[in-house]
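1. Any chance you can model this:
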Amino acid sequence: MISTRGRYAVRVMIDLAENENGRYIPLKDIAARQEISKKYLEIIVKDMVGGGLLTGTSGKGGGYKLCRKPEEYTIGEILELMEGSMATVACLADGAAPCPRAKACETLPLWLEYDKMTHDFFYSKHLSDFVNKGRPMA
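-> Predicted structure coming up:
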């Protein structure tokens with residue numbers, strides 16, 4: 001299950017892409033537009049800056065902006081940074097102990113296919129695919 005951290009991170013990224021004007025965008029503006037607590041967003045964007053998705057600066061004219069163009073981000077990379085492993089079952093997670101039943105597991109092909117579908121789905125979606133999609137055109 002994708003948590004609010006992951007969902008809000010995607011919303012922040014879309015908001016930044018939609019409001020890109022070459023300047024840093026204050027977090028209070030993002031929080032107001034997205035109707036998300038600024039305090040909660042502070043925690044989220046700190047991880048996003050640390051993960052190389054955003055750049056931020058403080059003081060007058062401070063805020064956040066994307067490090068790359070919206071089409072260069074995948075939804076998968078955003079979610080994986082915020083959620084950790086996106087493995088659909090524990091035995092396929094990075095660093096999982098080898099399963100002693102893997103060779104005899106009748107369901108392993110099912111889980112491998114499902115895991116690949118999930119991965120491919122999120123990594124085929126780009127941030128630019130969602131920019132200005134949820135708003136009516138003026």
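2. sec struct for the residue most central in space within the chain, please.
-> By Cα atoms, centre = their mean, the chain has its centre lying nearest to residue 78, at 2.4 Å. Recorded secondary structure, residue 78: helix (DSSP: H, G, I helix; E, B strand; the rest coil).
3. Now do the contacts for it.
-> 6, 9, 10, 13, 48, 53, 127 (Cβ atoms under 8 Å, 6 or more residues apart in numbering). Any C-beta I mention is one placed from the backbone N, CA and C, and that applies to glycine too.
4. Now a PyMOL select for only the buried ones of those residues.
-> Selection of the buried residues among these in PyMOL, burial being defined by 16 or more other Cβ atoms under 10 Å:
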select buried, resi 6+9+10+13+48+53+127
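5. out of the contacts of residue 78, who's nearest residue 74?
-> residue 127 (7.6 Å; Cβ to Cβ).
6. wouldn't the closest one be in contact with residue 18 here?
-> No: using Cβ atoms under 8 Å, residue 127 is not in contact with residue 18; the gap is 10.0 Å.
7. who's sitting farthest from the centroid in the chain?
-> Largest separation from the mean C-alpha position in the chain: residue 104, at 35.4 Å (Cα atoms, centre = their mean).
8. That one and residue 90: what is the separation?
-> Distance, residue 104 to residue 90, using Cβ to Cβ, to the nearest Å: 18 Å.
9. What of residue 60?
-> Counting by Cβ to Cβ - residue 60 and residue 90 are separated by 48 Å.
10. List the buried residues of the lengthiest helix in the chain.
-> Longest helix in the chain by number of residues, with DSSP state H as the criterion: helix 108-124. Buried residues in helix 108-124, counted by 16+ other Cβ under 10 Å: 108, 111, 115, 119, 122.
11. Which one's more surrounded, residue 60 and residue 90?
-> Neighbour count, other Cβ atoms under 10 Å: between residue 60 and residue 90, residue 90 has more, with 11 against 5.
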